[in-house]
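> structure for this input, please:
(chains A and B)
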Amino acid sequence: MNEKTDPNAARKAWLGLLARCRAADLNALWAGAALAPDHTVLRAPEVGSVMVRGRAGAVGSAFNLGEVTVTRASVRLASGEDGHGYVQGRDKLKATQAALIDALMQTAQADAIRAAVLDPLQDKMAQTRATRSAKAAATKVEFFTMVRGED
Amino acid sequence: MYVAVKGGERAIDAAHAWLAEERRGDASVEELSVPQIREQLKLAVNRVMAEGSLYDPDLAALAIKQSRGDLIEAIFLIRAYRTTLPRFGGSVPIDTEAMACDRRVSATFKDAPGGQMLGPTFDYTHRLLDFKLVAEGDVPAAEEAEARDAQTPHIMSFLDREGLIQTEEDSDTTPPDLTRTPLELPATRDLRLQSLTRGDEGFILGMAYSTQRGYARNHAFVAELRIGVVPVEMDIPELGFAIEIGEIEVTECETVNQFQGSKTQPPQFTRGYGLVFGMSERKAISMALVDRALRWKELGEDNLGAPAQDEEFVLYHADNIQATGFLEHIKLPHYVDFQSELELIRKLRREAQANTAPQTDTLDASPLGGETACRATGGSFPGKMKEAAE
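Sure, this is the predicted structure:
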């Protein structure tokens, strides 16, 4: 899927980012942006689980691996946009903030929200991931073959 | 037979109060925090998540603290908590090819495309106690190197391309779930894999080891072992498309096993599969070996009568919460059960002493009656434990 073929790609990307980011990071950016949009709650934050599936042999038929905790919430802005938050873990505040950001991203405030919240979140997560990959790369084995001398 | 017994409430309250005090230990030693357990006893946290069947590091760390480090007790707490959660749905099967690998090794190909990365491993350590850890101190930063940008391909896919390995049939049907429907035999592979991934690490390890020692030996090579983070996606009805709802660390092990052929097929390698929450490579390798052993029927192999080939034996004894529930219940009051046994043996002894030649039919009938009663109690209890655990 890429942005050209999937009309939902952009929304998928920000919802995925909000789901995976650390609650403390989101909360700090949320507070920093001083957002307090007028809204009604469509679905009060609810903690539940999602059954994670794997595939036999990585590519075969699906099987149930175990569950993961997820919190979800839905809101409607006074201007009419609906926002949905599905976030990993058991954090009702994070789910509500994610739903509000999802809704705000559908308004004229989108660019401001992206600059104030989503981009810094994305940068931080990319940085964490790059550091881990770099540490993994440092443990890469460089094989060499011992040549037995004949003379 | 169970008869309600009253009393002992005060003793129980006092026991639990003492438990809380003992859990805290010496008050002059700093208290352990849940984040400390989550960060510094991560492999214990991983095991509790895998066998508790719930990925939530904070909850697993709390369970470990509450259980004083008794991991089976912690797993029990997680299983019990899990039953209180509404289930929002099932994920799209995770794509382990998209894993950000911390570790990735192959025992079959030295020059695996994507390279071999050891990651934060215990392998090649000398297993000597490190007394430096007694003193607190800063840890030097790990080295960094330039990372590849591309996905790491599965090694199996190269063998697959050449047709050298048995193919896996892709299917997107919703797999059966043993936490919703009691496990029935014969079990399909999807159910076996679910049972193995949440099974007791020690039990699965023992079963896997038995295949290596010759009880249904299947000559496994670790084609690939990878550990890292994968995103989890789920279809969201209110959105009408799938989004990432989180990311989890998993360990995946793929084994290449002894080849087999038939009248219609040329010889091919076969495969075993292990996938476990967290960094749990002993468990993932064990799971792959046991998965392979249990596949004897679908691969047209002989039943050698080995324990690891017996799915009833493996699957019905792999769950440590069911096992410990039934095992530990025998320490709870069985006064009435035992009273009847006591009366029976006294009666038999009286009869034996009264008659120099005892009547054989009374002797035969009575112990059998006792045995049946015991089995009946035994049969009902795992059911009760399962309800509590699920």
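> for the top helix by length along chain A, name the packing helices and strands.
Of all segments of type helix in chain A, defined using DSSP state H, the longest is helix A:119-138. Helices and strands touching helix A:119-138, by 3 or more Cβ pairs under 8 Å, 6 or more residues apart in numbering or on different chains; DSSP states H and E, are helix A:9-20, helix A:23-33, strand B:100-105. Bear in mind the C-beta positions are built from the backbone N, C-alpha and C, glycine included.
> using the three-state scheme, assign the one residue in the stretch 51-200 of chain B that gets nearest to chain A.
Distances between the stretch 51-200 of chain B and chain A by Cβ to the nearest Cβ are smallest at B:Glu168, namely 3.0 Å. For B:Glu168, the secondary structure call by DSSP: H, G, I helix; E, B strand; the rest coil comes out as coil.
> do B:Trp296 as well
Criterion first, three-state DSSP; result for B:Trp296: coil.
> OK, contacts around it?
Going by Cβ atoms under 8 Å, 6 or more residues apart in numbering or on different chains, B:Trp296 touches B:216, B:302-304, B:309.
> could you rerun that using 6 Å?
Applying Cβ atoms under 6 Å, 6 or more residues apart in numbering or on different chains, we find B:Trp296 in contact with B:Gln309.
> pLDDT wise, what is it at?
Here the pLDDT value assigned to B:Trp296 is 91.
> most centrally placed residue in chain A?
A:Leu17 (2.5 Å; Cα atoms, centre = their mean).
> one step back: to B:Pro237, which of the helices and strands packed on helix A:119-138 lies closest?
B:Pro237 lies closest, by Cβ to Cβ, to one member of the helices and strands packed on helix A:119-138: helix A:9-20, at 14.1 Å.
> so the residue of the stretch 51-200 of chain B closest to chain A is in contact with A:Val59, correct?
Yes: contact criterion Cβ atoms under 6 Å: B:Glu168 and A:Val59 qualify, at 5.2 Å.
> quick one: low-confidence parts of chain A?
For chain A, the stretches flagged by pLDDT under 70 are A:1-4, A:145-146, A:148-151.
> how far off centre is the longest helix of chain A?
14 Å (Cα atoms, centre = their mean, to the nearest Å).
> same check on stretch B:124-142?
Worked out by Cα atoms, centre = their mean, stretch B:124-142 lies 30 Å from the chain centre.
> B:Ile72 contacts B:Asp319, doesn't it?
No: taking contacts as Cβ under 6 Å, B:Ile72 lies outside contact range of B:Asp319: 10.6 Å.
> out of these two, which sits in the busier spot?
B:Asp319 (24 against 17; other Cβ atoms under 10 Å in any protein chain shown).
> what distance do you get for the more buried one to B:Arg82?
14 Å (Cβ to Cβ, to the nearest Å).
> so which residues make contact with stretch B:181-198?
Against stretch B:181-198 from outside (Cβ under 6 Å, 6+ apart): A:56, A:63-65, B:51, B:53, B:175-176, B:178, B:276, B:287, B:290, B:294, B:311-312, B:315, B:318.
> hey, C-alpha coordinates of that stretch in PDB?
Output of stretch B:181-198 as PDB, limited to C-alpha atoms (Å, rounded to 0.1, in the frame of the first residue of the first chain):
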ATOM      1  CA  THR B 181     -13.800 -23.600  22.700                       C
ATOM      2  CA  PRO B 182     -12.300 -26.400  24.700                       C
ATOM      3  CA  LEU B 183      -9.500 -28.200  23.000                       C
ATOM      4  CA  GLU B 184     -10.700 -31.300  21.200                       C
ATOM      5  CA  LEU B 185      -8.700 -34.000  19.600                       C
ATOM      6  CA  PRO B 186      -7.500 -34.600  16.900                       C
ATOM      7  CA  ALA B 187      -6.300 -31.000  16.900                       C
ATOM      8  CA  THR B 188      -5.600 -29.100  13.700                       C
ATOM      9  CA  ARG B 189      -2.100 -27.500  13.400                       C
ATOM     10  CA  ASP B 190      -3.400 -24.000  14.200                       C
ATOM     11  CA  LEU B 191      -4.800 -25.200  17.500                       C
ATOM     12  CA  ARG B 192      -1.600 -27.100  18.200                       C
ATOM     13  CA  LEU B 193       0.500 -24.000  17.600                       C
ATOM     14  CA  GLN B 194      -1.700 -21.900  19.900                       C
ATOM     15  CA  SER B 195      -1.400 -24.500  22.600                       C
ATOM     16  CA  LEU B 196       2.400 -24.800  22.200                       C
ATOM     17  CA  THR B 197       3.000 -21.000  22.200                       C
ATOM     18  CA  ARG B 198       1.200 -20.600  25.500                       C
END
